[in-house]
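In: Need coordinates for the following:
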Amino acid sequence: MDSMDGTATPPNNSNNNYNNNNPPALPPRPPAPASASTSQSSPSVVVPPALPPRRYEPPPGPPPLSLNTSISSINRYQQHPSPSLYHPPPQPPPSAQSQQQWAPGRTMYFAGSAAPQSVVQGRRPTSVPNTTNPSPTNQHPPYQFNQYPLAQPPRPPPSAPPHSRSSWSGSCFCCGSKLQFSRPEVFTCPLCSTVNDLKLAGQPSPPPPQTVITEDLINQWMAKSGLPVDSKLTDLVMDDSHVLLPTLPSDVESTLVHHVSAFQTLSGVESSFRDSRHNLPKLRTILNFYTLVKASEQARKALRLNVESLLRRPGANVHESDGAWVFALIECPLLLSKWTPNSTERQWLVSRLIGLMSNLPRSMQDAIVGHLTSSDYPPQLLQQKVELTVAFVSLRVGGSMSIQGGHASDWGVIAGSRVGALFFAANERANLPLATYYCTLLDTLGPAALIESFQTWESRSGFFSLCQYPFLLSLGIKILLLTYDGRRQMDMKAREAMHNIVYRRQMELPYFIIRVRRENLVQDSLRSLSASSSELKKSLKVVFEGEEGLDAGGLRKEWFLLLCRQLFDPQFGMFTHDEDSNLCWFNPASLESTSEYSLVGSAVALAIYNSVTLDVPLPLAVFKKLKREPVGLADLAAVKPGLAKGLQQLLEFDGDVEGVFCRTFVGDYEAWGSVQEVPLVPNGENIPVTSVNREDYVKRYCDFLLNKSVEAQFNAFASGFMEVVSGNSFSLFRGEELERLVRGSTDPLDIPQLRTVTIYNGFSGDNDPTVEMFWSVFEGMTPEHQRKLLSFITGSDRIPATGSGALQLKLTCMGDDTGRWPSSHTCFNELCLYRYRDRETMERRLIQAMEESEGFGLR
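Out: Here you go, the predicted structure:
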């Protein structure tokens, strides 16, 4: 069955697949005491709760998309999926061997990949030789926009098995655990306590007509209570902790309490909140109903009892829905702390709902994502659900810390991760910050547990791994895994070099050494990169000709800093510079060969590979394209804000668009003083832009500037980049995270935080007079001078991606004031200070040192 994980199981292993086959030959657990009626049985778990993540198949869709594909066609497919997505053709049961293999090209997001790159479409595992296409072009997958994989619909539940058997096997509706039970009709899961009732499988019972909650009935209640019916949705989801809800009239309250009984059964919720014009419930209708419930304590109590009963015993038809019951329950205010103050009761409701949602069929997953991405769905509501899910995952992770690797076998962690994948897929329109999805408690697991989870993910063993859901991993965890992956590849290259020296008598260095002259930095650097492409994954060492510095990290950082400043200089001709954004973009009229762009990409990737933060003026669009994420007008606004502002005015103009703007379907760019025009469509120069086709024009124009006009330059840049950064850990990053990884944090330098992580050598501590004098001088500098001093100490003026707290400085005492300037060891982020007699002397000496020094000496 297709599901929300990054792995797969046989298609015939549906959550509702109750069969008469013999249970697996595993020792059953002791039966748990029955918590339901006497007709319920207490099954034993025949598969450990460490549920192997189910594999999935991607929905059949359009042919693979490339950078030449228009953005409009991509959006059309994402917003209007084909009905065939819900019913893929049946497949034969896979063999036992195929069950342990990852299918190629599986992704977790609408764009980007969370699977190891060795098995991404167009790429083979490193252990399997490429015999079909040995050409270099097969080393990198084509740039594609991947769709969000949704689960296949489950098979209809079969009729109850005959009573002649003594035991049956099946899966829990909530946690998905494989169970063995003695009674065919009703059994209770010993893990999550859900009552799995199969007696009414395939026979939904309609609710009594008098309990169905309709839109007209809700509007009548709202009018009698003095509540506005047509309030803005943003007003309905605002924090109402300080809002006094009106007292409901007695007749309205009694009728409301009576109709709350619709939540006693799944069919009652399914039939409510609908009208003749809408097949699915409207969000406004649901929110208006819950507004009335909030105003009545009696209605809240009745709703809580009914929802608890429904979630405890959902029924066999829980998956036979168009998503209506999910729409109603995920908006229920009882999931919030204000309306359910008891944390135990609240967590019980949240865990039960998340468990049921984690096993939904693909059609219902698709309906939920469509509901959450609708144009009128408030982003505040999505953020609320994300925070609830992340808090639930954190709670389950914290509860499993007493057992080594306990999070990997906890059903709540697995269920919460899968539901979080749905909410992350819905973030395309809401555009919540990525940090909203981070489960920061995972940072406390420690490097050993995180690396073990990463290795499990790489091994493709089929067991659960946090790396299957990278949106939960903080940027610090991803950097940790990237560093581990890079060091591992460096060690591998070093062992290969030692092997060649010892056994093959080949003289080979375990390092990649670049020798450059400061006056000819770019040419020497690009020549070294092109001549040693096979050694790029070795540990990098830089030698400046004529200088005595030994590279323990400092020379490397300075080389990257100087190289990037020259490469992205507009006079070099490879990139254009926008004065408004102060960013660079690929020059579509560049005279440089594509090999030069490939070398630039390799240089940027080398910085990531060697844990160096760069001052590269590249916009977010570059990193999104590297991660195969679509780009549009918002990305163009970051590159060329003036042009994007004009296009936005074109979209919002209310008048004669053709007569005022006088535009045709033609794209243009500047090429060495002249304007080059390229039709966006055939005969585009004769097609005017009107109010009817202006949206299509803007999409095509943005696609032309960001994709088609620089296709050759960017593809060469990406090829060089991927040649270095090809580890599995790279696929965990999103475009925004990759930008922070390369360029560092854009936050201002936090001096107090930097002071808390600084260590001292030779000083008495943070209260030493010279130390206090230094921090006083540092804080009193202008932001420009602060960056220069940071560059003098560390070799780079950039802050690490995770903030100032990740940058540890070291202050060393050199003795009493002798009139000498301070010095630094950039390899170790160390500043050597003398005990200057006053603050003015220290400030003057520091400014002179950072202004008058260059490299590893004076100017």
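
In: what about the closest residue to S375 other than its chain neighbours, how many residues close to it?
Out: The shortest distance from S375 to any non-neighbouring residue, by C-beta to C-beta, 6 or more residues apart in numbering, is to R429 (7.6 Å). For every residue, glycine as well, the C-beta is placed using N, CA and C. By the measure other C-beta atoms under 10 Å, the count of residues near R429 is 14.

In: quick one: R429 and L382, what's the gap?
Out: In this structure, R429 and L382 are 9 Å apart, going by C-beta to C-beta, to the nearest Å.

In: Looks like the residue nearest to S375 contacts T373 (just checking).
Out: Yes. Counting by C-beta atoms under 8 Å, R429 does reach T373; the two are 4.9 Å apart.

In: Can you tell me the SS state at L789?
Out: Under DSSP: H, G, I helix; E, B strand; the rest coil, L789 falls in the helix class.

In: Kindly provide the distance from it to E830.
Out: For L789, the distance to E830 - C-beta to C-beta - is 13 Å.

In: Settle it for me: which of these two has more neighbours?
Out: Neighbours per residue, other C-beta under 10 Å: of L789 and E830, the larger number sits with L789, 23 against 18.

In: Could you find the closest non-adjacent residue to that one?
Out: The nearest residue in space to L789 (C-beta to C-beta, 6+ apart) is M850, at 5.4 Å.

In: For the one you found, pull up the helix or strand it's in.
Out: Using DSSP states H and E, M850 maps to helix 839-852.

In: Which strands and helices lie in contact with that helix?
Out: helix 769-780, helix 783-794 (3 or more C-beta pairs under 8 Å, 6 or more residues apart in numbering; DSSP states H and E).

In: Could I get the buried residue list for the first one?
Out: Put plainly, it is helix 769-780. T770, V771, M773, F774, W775, V777, F778 (16 or more other C-beta atoms under 10 Å).

In: Ok, the last one next?
Out: Counting neighbours by 16+ other C-beta under 10 Å, one finds that the buried residues in helix 783-794 are H785, Q786, R787, K788, L789, L790, S791, F792, I793, T794.

In: Columns pLDDT and distance to S309 on top of those residues, output as CSV?
Out: Shown next, in CSV, are the buried residues of helix 783-794 (pLDDT from 0 to 100; distance: C-beta to C-beta, whole Å):
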residue, pLDDT, distance to S309
H785, 85, 66
Q786, 85, 61
R787, 82, 61
K788, 84, 67
L789, 86, 65
L790, 84, 61
S791, 80, 64
F792, 84, 68
I793, 84, 64
T794, 79, 61
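
In: Helices of the stretch 701-850 of the chain, start to end?
Out: Counting by DSSP state H, counting those that start in this stretch, the stretch 701-850 of the chain has helices at residues 711-724, 735-743, 751-756, 769-780, 783-794, 839-852.

In: Between the buried residues of helix 769-780, which sits nearest V724?
Out: Proximity of those to V724 (C-beta to C-beta) peaks at F778, which lies at 35.3 Å.

In: ok, that closest one - contacts?
Out: I751, Q786, L789 (C-beta atoms under 8 Å, 6 or more residues apart in numbering).

In: Can you say which helix or strand has E677 in it?
Out: Element membership for E677 (DSSP H and E) is strand 674-679.

In: Then Q380?
Out: helix 379-399.

In: buried ones in the next helix or strand after that helix?
Out: Following helix 379-399 in sequence order, the next helix or strand is helix 411-425 (DSSP H and E). Neighbour counts over helix 411-425 (16+ other C-beta under 10 Å) mark 411-425 as buried.

In: Show me what the helix or strand encompassing S530 is packed up against.
Out: Assigned by DSSP H and E, S530 belongs to helix 521-531. For helix 521-531, the elements it packs on are strand 511-516, helix 554-567, helix 594-609, judged by 3+ C-beta pairs under 8 Å, 6+ apart.

In: on that earlier part again, centre of the chain to the helix holding M850, how far?
Out: Centroid separation for helix 839-852 versus its chain: 44 Å, with C-alpha atoms, centre = their mean, to the nearest Å.

In: In the chain, spot the helix with the most residues.
Out: In the chain, with assignment by DSSP state H, the single longest helix is helix 475-503.

In: how far is that helix from where the chain is centred?
Out: 26 Å.

In: For it, enumerate the helices and strands it packs against.
Out: Helices and strands touching helix 475-503, by 3+ C-beta pairs under 8 Å, 6+ apart, are helix 447-459, strand 539-544, helix 594-609, helix 735-743.
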